[in-house]
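Undergrad: got a predicted structure plus its sequence, pasted below:
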Amino acid sequence: METIRKIKINLRKQLFIALATLAGSLFILPSCDSDNVGENLYTFKSKMMGQFLADSADFSEFARLLDTTKVISLLNTYGTYTCFAPTNEAMRTFYQSRGKKSLDDFSMDSLKLIAYDHLINGAEVLYSNFVVGRLPQMSMSDRYLAISFGQNGEAFVNKTSKIIQNNVVVHNGVIHFIDEVLNPTREGIVEVISADPKFSLFYEALLATGLADSLVRYKDDTYDPDNFKHLITVTRESNQWYYHEIPLSRKFGYTLFVESNETYAENGITNLAAMKAYAANIYNTVYPNDAQITDITDSRNSLNRFIAYHIINKQLSYSKLIDAYDTGHMLKTIDMYEYLETMCPNTLIEVKKDRLKGKTNILNYIRETGRAINITSNYDIDAVNGVYHEIDGILAYDQYVETEHSTKRLRFDGSSFFPELTNNNMRGRGITSPGPGPNLQFKLPRNYIDRLSTSEQTIVSYLTADARYQNYEGDEIFLGATSGNLYDFSIITPPIPAGTYEVRFGYLTNGKRGVAQLYLDNIPAGVPLNLNNYATDVSIGYETPRTVQADMDGFENDKMMRNRGFMKGPACYKVVQPGWSDGENARYSPAALRRIMGTYIFPEASNHLLTVKGLSGGEFMFDYLEFVPTSVLESEDIY
């Protein structure tokens, strides 16, 4: 407490000196007596970040670190930075914890890494931008920073480093003072789990099944972003409404949902043999033809399936399971769903956000019984190539989950198909424009996405969420072709349970699209689709709900549109900033459409192939895909 008061007094002195130099200035100093930080704004616009830290006696050790590594020169240049600055006491405690006496005992590479752990380049992240979970902006050491809040409202970085003063605004960014040095692990997800005795049984099974060997990748060293700079044709400096970036790396990532030894014991699982028996009881029922497979390293074995069902090949922090996609586009009265493909072949985990209950990250909710798996408070356990979350029950793809997933509408946002967008911090950044800047659009090199194959002439982009887009979750996959050519691409979908489905393609028209032929599993999906046509075109026949006296809800119009192979957009999302399109939600917009591709019988659970071939020039956008069991069509809602 005394350290915090001392820092605040010194901060007030600096503020007084800075303001006193402005002749004739009138100012009011904010109160600094409380240890509950809250959100105050201290402004030192006359100082660069590096200069401010160098002038602050309470942060002289951190400033010396920045000076030794030459990073301080970066912080004295124009740009935008966020700094989490540890106090002198925090730095000395860190030295002791590492068996060192001072900065002089560390290698230069280690010192640079420590400095970069505390800095974000390119963004000013104020206290008001903090949300529970990882920040969308990564540190200069290429690591995520996670925010949490204590019972008294105090904020923490990476769970243990308390923010003792926030929002110290300087000329080129913002500084938050912290009481503990940030020291993220440099180990992989398997090593991190192995170090926690609470999860020793899961770790034992992870090794025994050989699945641990599937979790070692971190980065594709063959990917060189310099080879693809030519894809950037609009820079941020061009001051247009959007700009291009290319992925700076091609990283892999993993998410594990893990039960503790205690949770296993509550369910009669106290050793590997008991886990084998438990898994066999579930998976030999769902997959009876594989019941005789005893090799636990075989992906068809029941224990292997049991462990593999806990693993996702995306790095999904707590907020990126579903909350990060709950942009202003999504209606806050309608439940949200996200579907995660697991390493257990041809299976999904459903993530639900229940609006009425105010709960998020509900796993595999069963409507008939109310059964669900929840994430405990022990979440976002970080590793260099992944994250794991503790869960409160046994996660398994049993017959109840299989039935649940095969008897409801499955809607997939287009960007959810591709782990690369999540693992490389493209998806889930929230609305990027308008506001802080123009819309961020990632140009994706050919073969960057494993499940997307394209012709050489096809150009692929991922457009982050924009308030002016009337898109599901705000973002979209955008495709085009080089001059004089047509796009041609194929996408592998997530696995769909066996059954008979109506498959729908969701898109937004703007009058600039082309004509394309859609295929599912290499079979043409009806006649070519003219993406130029608004829903009001006579070939579609859209009528805005509440505009026809005899059909105020628009249900009769829905039937007529279905007969022509189209549907209105779902009523669960809207455009945040009307202009390019409008309507109180997508159902009320003639620009938001669903094309009914057809009815398909899937004899077994499997992935499917969506192919699109351009037939005329123009753009192509992919918003979402729906798989709807024909058994629920009559009772399906408008959302």
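TA: Received it, and whenever you're ready, just let me know what you need.
Undergrad: can we go C-alpha only for contacts and neighbour counts from here?
TA: Noted.
Undergrad: list the contacts for the residue nearest to Ile232 when sequence neighbours are not counted?
TA: Residue nearest to Ile232 in three dimensions, not counting chain neighbours: His244, with 5.4 Å by CA to CA, 6 or more residues apart in numbering. In this structure, His244 makes contact with 232-236, 440-443, judged by CA atoms under 8 Å, 6 or more residues apart in numbering.
Undergrad: just Phe228 next, same as before
TA: Counted by CA under 8 Å, 6+ apart, Phe228 has contacts 246, 445.
Undergrad: make 823 the starting number, not 1.
TA: Yep, numbering from 823; the last one is Phe1050 now.
Undergrad: and it, its phi and psi?
TA: For Phe1050, the backbone dihedrals (degrees, to the nearest 10) come out as phi -130, psi 10.
Undergrad: quick one: it and Leu1070, what's the gap?
TA: Distance, Phe1050 to Leu1070, by CA to CA, to the nearest Å: 10 Å.
Undergrad: same check on Lys1098?
TA: 42 Å.
Undergrad: and those two? Which one has more around it.
TA: Lys1098 (18 against 12; other CA atoms under 10 Å).
Undergrad: does the more buried one touch Arg1127 like I think?
TA: No. Assessed by CA atoms under 8 Å, Lys1098 is found out of contact with Arg1127, at 10.5 Å.
Undergrad: ok so, going back, secondary structure added to the contacts of His1066, as CSV?
TA: Converted to CSV, the contacts of His1066 look like this (DSSP: H, G, I helix; E, B strand; the rest coil):
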residue, secondary structure
Ile1054, coil
Thr1055, coil
Val1056, coil
Thr1057, coil
Arg1058, helix
Leu1262, strand
Gln1263, strand
Phe1264, strand
Lys1265, strand
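Undergrad: just to revisit the earlier point, surely the residue nearest to Ile1054 is in a helix?
TA: No. Secondary structure of His1066 (three-state DSSP): strand, not part of a helix.
Undergrad: bridge partners for it, pull those for me.
TA: With DSSP bridges as the criterion, His1066 is bridged to Gln1263.
Undergrad: would you mark the buried spots in stretch 947-961?
TA: Using 16 or more other CA atoms under 10 Å as the test for burial, stretch 947-961 gives 947-949, 952-953, 955-961.
Undergrad: residues in contact with stretch 1136-1143?
TA: Outside stretch 1136-1143, the residues that reach it (CA under 8 Å, 6+ apart) are 954-956, 1074-1077, 1160, 1173, 1183, 1201-1202, 1207-1209, 1211, 1241-1242, 1244-1245, 1250.
Undergrad: mean confidence score for that stretch?
TA: Mean pLDDT, computed over stretch 1136-1143, is 96.
Undergrad: check the offset of it from the chain's centre.
TA: Centroid separation between stretch 1136-1143 and its chain, computed with CA atoms, centre = their mean, to the nearest Å, is 6 Å.
Undergrad: what of stretch 920-934?
TA: 34 Å.
Undergrad: quick check: buried residues in that stretch?
TA: 925, 933-934.
Undergrad: show me which of the residues you listed is closest to Pro1392.
TA: Closest approach between the buried residues of stretch 920-934 and Pro1392, by CA to CA: Lys934, at 49.3 Å.
Undergrad: tell me how far the nearest residue to the closest one once chain neighbours are set aside lies from Lys922.
TA: Nearest residue to Lys934 in three dimensions, chain neighbours excluded: Thr891, at 5.8 Å (CA to CA, 6+ apart). Thr891 sits 18 Å away from Lys922, going by CA to CA.
Undergrad: could you do Phe1300 as well?
TA: Counting by CA to CA - Phe1300 and Lys922 are separated by 52 Å.
Undergrad: does the residue nearest to Pro1346 when sequence neighbours are not counted have beta-bridge partners, and which?
TA: Using CA to CA, 6+ apart and skipping the chain neighbours, the partner closest in space to Pro1346 is Leu1340 (6.0 Å). Note on Leu1340: beta-bridge partners by DSSP bridges are Val1434.
Undergrad: Leu1340: what's it in contact with?
TA: Residues in contact with Leu1340 (CA under 8 Å, 6+ apart) are 1346-1348, 1350-1351, 1419, 1432-1435.
Undergrad: could you give the mean pLDDT of the host helix or strand of Phe1442?
TA: Using DSSP states H and E, Phe1442 falls within strand 1442-1444. In this model, strand 1442-1444 carries a mean pLDDT of 95.
Undergrad: what residues does it touch?
TA: 1236, 1298-1302, 1327-1330, 1335-1336, 1353.
Undergrad: can you do 7 Å?
TA: Contacts of strand 1442-1444 with the rest of the structure, by CA atoms under 7 Å, 6 or more residues apart in numbering, involve 1236, 1298-1302, 1328-1329, 1335-1336.
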